[in-house]
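>>> Model the structure of this input:
(chains A and B)
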Number of protein chains: 2
Amino acid sequence: MAFARVAIVGLGLIGSSIARAIGERLPQVIVTGHDASDTVRATARNLGLCNAIADDPVAAVADADLVILAVPVGRMADAAAAITPGLKAAAIISDVGSSKAGVAEALARVLPHHVVIPAHPVAGTENSGPAAGFATLFDGRWCIVTPGPDAPADAVKAVSDFWEALGAKVDIMDAAHHDMVLAVTSHLPHLIAYTIVGTASELEEVTESEVIKYSAGGFRDFTRIAASDPVMWRDVFLANKDAVLATLQRFNEDLTVLQQAIRRGDADKLEDWFTRTRAIRRSIIAEGQDDAAPDFGRKH
Amino acid sequence: MAFARVAIVGLGLIGSSIARAIGERLPQVIVTGHDASDTVRATARNLGLCNAIADDPVAAVADADLVILAVPVGRMADAAAAITPGLKAAAIISDVGSSKAGVAEALARVLPHHVVIPAHPVAGTENSGPAAGFATLFDGRWCIVTPGPDAPADAVKAVSDFWEALGAKVDIMDAAHHDMVLAVTSHLPHLIAYTIVGTASELEEVTESEVIKYSAGGFRDFTRIAASDPVMWRDVFLANKDAVLATLQRFNEDLTVLQQAIRRGDADKLEDWFTRTRAIRRSIIAEGQDDAAPDFGRKH
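Numbers count the residues shown, from 1 in each chain, chains lettered A, B, ... in the order given. Got it, this is the predicted structure:
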């Protein structure tokens, strides 16, 4: 491990999970944490996260070899500016943001003299805050590292090794391609889930209590991701606007085709479509990215 | 229990789960099963489902006090016609279809001299076939019974008692209202999930293997319900066309509003929307219709 001291700025679900994972898997590494919220810092101290929790962001990063910014993507620039006076010249800065091109640009602007290696661990739950984290969150999940064209190879390797040490599998990818891939696999699904949960809660014909009561027919699956952190997701959609709108356009085209098939009673078109989508599910389970147990392992 | 003998026509996920639940909870009841498919009947025999599996639908329902049609909703009329010659005059006919107004009409037309009490157990998994069923599928789930205006009260009670004996909670509802409620809580979610899984698998910019690899960011949640039985769901959308198209129209309006908010960078609108949807999730967990464990109990 290239890093003897790590600082984590932002102690929500992801930041606190990194702290826990380091504690379990890299006990020799000294971790300092900071969060802009007094309440979050107090909770982090009560939970015993990190070797020390600093009130001051500058103090938090002093001596750190690796600084990980784990704040909403709209806050990355401010978080980077707040730590700048405390950074060692050789410190490597990374982040965990769900969109990468905009974050890379913002961090390069604020930290022109430091090596910045952006990263995105594709992992999470619908819960937020320092108490929601756990040490095995990154186990077997992908972490996508998106170094810029001039990033030093040893820094890319050091950040990649760090994530592998926490249990993740690492991929290196161009930031723009990352943003398109994640628009499809994560951002659009969240947008759709947020939409439908809002739609269902405001119909006149069906009460909200009916929606809740009969949610086991499919709706509840959407509510899980529509319960994700509102500020984090607000920022993701604003930061990855172009890719999200491009994939949304494609989704809308497909939805119009299926809408027309229903209206016209085109049974073959519906059955063909629904048969194709079934195959994707099988591949996801085969790749170990979901559990084959029916019903997501809900208690039977 | 008003029924000494029950016949189940259609031995897929739901039919086979009913057979198993009767075996565990109502062992005194004699159950006969039938399925139009030779393969399904052979599997059902190998699994030891029911007291007897009949090759002939007429033989399957002979002597039955309750006959449950557990076939795709587009097949209900044919399944009812096939059993008519074998039905006792006093037999009550029920079904498990996910849309009710069309099914009730079809069954009343084919079985004008019998009491028909339609029902819909709101339960299921993404798996299909006789091997996918399990005895506790209906435990704590709602079963919606939708008797017509002239249905005898004792028959409604008998069917309700039957479902409660299998572990379900029973609600009585008008068929048209059922179809609107389920359009929102089940049919629209499935349509959206089928759409997005199809969209994601056909983008030029992102390969299917990338979609599968990074699906843990949200996409995988949609693939589960998009892996549901294609024929069953084809029939549901055709049978409940009007309610599905009406709720889809509302969804499209809301999606357009959020799309515009992203394009315009309207952070407040996005955050407000995403905060409201979070509350719905809490209510679903409080009502026991989903599990509070993060990530649907996937292994951490």
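
>>> Remind me what the lowest-mean-pLDDT helix or strand in chain A packs against, helices and strands.
Sorted by mean pLDDT, DSSP states H and E, the helices and strands of chain A end with helix A:219-225, the least confident at a mean of 86. In terms of contacts (3 or more C-beta pairs under 8 Å, 6 or more residues apart in numbering or on different chains; DSSP states H and E), helix A:219-225 is packed against helix A:188-200, helix B:188-200, helix B:219-225, helix B:267-286. All C-beta spots, glycine's among them, are computed from the backbone N, C-alpha and C.

>>> quick one: contacts of that helix?
Residues outside helix A:219-225 that contact it (C-beta atoms under 8 Å, 6 or more residues apart in numbering or on different chains): A:126, A:189-190, A:192-193, A:196-197, A:200, A:211, A:215, A:296, B:184-186, B:189, B:192-193, B:218, B:221-222, B:224-225, B:277, B:280-281, B:284, B:289-290, B:296.

>>> What of stretch A:142-154?
Contacts for stretch A:142-154 (C-beta under 8 Å, 6+ apart): A:2, A:100, A:104, A:108, A:115-123, A:155-156, A:159-160, A:163, A:168-175, A:178, B:213-214, B:216.

>>> All the helices of chain A, in order from the start?
In chain A, the helices defined using DSSP state H lie at A:13-25, A:38-47, A:57-61, A:76-83, A:101-110, A:153-165, A:175-182, A:188-200, A:208-213, A:219-225, A:230-239, A:241-264, A:267-286.

>>> Turn those into CSV, columns for mean neighbour count and distance to B:Val257.
As requested, the helices of chain A are exported to CSV (neighbours: other C-beta atoms under 10 Å in any protein chain shown; distance: least, C-beta to C-beta, whole Å):
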stretch, mean neighbour count, distance to B:Val257
helix A:13-25, 24, 28
helix A:38-47, 16, 32
helix A:57-61, 20, 37
helix A:76-83, 21, 27
helix A:101-110, 20, 23
helix A:153-165, 18, 38
helix A:175-182, 22, 23
helix A:188-200, 26, 9
helix A:208-213, 19, 19
helix A:219-225, 27, 17
helix A:230-239, 23, 13
helix A:241-264, 18, 13
helix A:267-286, 18, 27
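
>>> Next to chain B, which bits of the stretch 1-150 of chain A? Give me the list.
Contacts of the stretch 1-150 of chain A with chain B, taken as C-beta under 8 Å from any C-beta of the partner chain, map to A:74, A:98, A:122-127, A:132, A:134, A:136-137, A:139, A:141-142, A:144.

>>> Apply 7 Å and report the result again.
The stretch 1-150 of chain A comes close to chain B at residues A:122-123, A:125-127, A:134, A:136-137, A:141-142, as judged by C-beta under 7 Å from any C-beta of the partner chain.

>>> Which pair of these spans the longest distance?
A:Asn127 and A:Trp142 (20.5 Å; C-beta to C-beta).

>>> ok, the residues of the stretch 1-150 of chain A next to chain B vs B:Asp268, which is closest?
Distance to B:Asp268 across the residues of the stretch 1-150 of chain A next to chain B (C-beta to C-beta) is lowest for A:Glu126, with 22.3 Å.

>>> With adjacent residues omitted, what lies nearest to that closest one?
A:Ala227 (4.3 Å; C-beta to C-beta, 6 or more residues apart in numbering or on different chains).

>>> Give me the residue ranges of the stretch 151-300 of chain A where confidence is low.
A:291-300 (pLDDT under 70).

>>> ok, back up a step: who touches the residue nearest to A:Glu126 in this structure?
A:126, B:278, B:281 (C-beta atoms under 7 Å, 6 or more residues apart in numbering or on different chains).

>>> Make JSON lines out of those residues and add distance to A:Gly265.
As requested, the contacts of A:Ala227 are exported to JSON lines (distance: C-beta to C-beta, whole Å):
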{"residue": "A:Glu126", "distance to A:Gly265": "37"}
{"residue": "B:Arg278", "distance to A:Gly265": "38"}
{"residue": "B:Arg281", "distance to A:Gly265": "35"}
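
>>> Let's have the residues of the stretch 1-150 of chain A next to chain B in JSON lines, adding neighbour count and pLDDT.
Output for those, formatted as JSON lines (neighbours: other C-beta atoms under 10 Å in any protein chain shown; pLDDT from 0 to 100):
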{"residue": "A:Val122", "neighbour count": "25", "pLDDT": "92"}
{"residue": "A:Ala123", "neighbour count": "23", "pLDDT": "89"}
{"residue": "A:Thr125", "neighbour count": "21", "pLDDT": "85"}
{"residue": "A:Glu126", "neighbour count": "21", "pLDDT": "83"}
{"residue": "A:Asn127", "neighbour count": "18", "pLDDT": "88"}
{"residue": "A:Phe134", "neighbour count": "18", "pLDDT": "96"}
{"residue": "A:Thr136", "neighbour count": "17", "pLDDT": "95"}
{"residue": "A:Leu137", "neighbour count": "25", "pLDDT": "94"}
{"residue": "A:Arg141", "neighbour count": "21", "pLDDT": "91"}
{"residue": "A:Trp142", "neighbour count": "21", "pLDDT": "94"}
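
>>> In strands only, show me these.
Judged by DSSP state E, strands contain the following of these: A:Trp142.

>>> And the residues of the stretch 1-150 of chain A next to chain B, which is closest to B:Asp78?
Lowest distance from B:Asp78 to these (C-beta to C-beta) belongs to A:Glu126, with 43.0 Å.

>>> mind checking how far that closest one is from B:Ala80?
Distance, A:Glu126 to B:Ala80, using C-beta to C-beta, to the nearest Å: 43 Å.

>>> what do you get for A:Gly102?
From A:Gly102 to B:Ala80 the distance is 59 Å (C-beta to C-beta).

>>> do the same with A:Val122
To B:Ala80, A:Val122 is 49 Å away according to C-beta to C-beta.

>>> Show me chain A divided up by domain.
Domains of chain A are assigned by automatic domain parsing as A:5-173, A:177-265.

>>> measure the closest residue in space to A:His113 that isn't next to it in sequence to B:Val96 for me?
Spatial nearest neighbour of A:His113, chain neighbours left out: A:Ala89 (7.3 Å); criterion: C-beta to C-beta, 6+ apart. Distance, A:Ala89 to B:Val96, by C-beta to C-beta: 69 Å.

>>> which of these two has more neighbours?
Neighbour totals were compared for A:Ala89 and B:Val96, and B:Val96 leads with 27 against 7 (other C-beta atoms under 10 Å in any protein chain shown).

>>> Which pLDDT value goes with that one?
Note for B:Val96: predicted pLDDT of 98.

>>> Does it touch B:Val122 like I think?
No: proximity of B:Val96 to B:Val122 does not meet the contact threshold set by C-beta atoms under 7 Å, at 10.1 Å.

>>> Next up, the contacts around the residue nearest the centre of chain A.
In chain A, the centroid-proximal residue (C-alpha atoms, centre = their mean) is A:Ser98; its distance is 4.7 Å. Contact analysis of A:Ser98 by C-beta under 7 Å, 6+ apart lists A:73, A:120, A:182, A:186, A:236.

>>> For the residues you listed, work out which two are farthest apart.
Among the contacts of A:Ser98, A:Val73 and A:Ser186 lie farthest apart (C-beta to C-beta), at 12.8 Å.

>>> The closest residue to A:Leu49 other than its chain neighbours and chain B: what is the separation?
With sequence-adjacent residues excluded and distances taken as C-beta to C-beta, 6+ apart, A:Leu49 is closest to A:Ala19, at 4.6 Å. According to C-beta to the nearest C-beta, to the nearest Å, A:Ala19 and chain B sit 16 Å apart.
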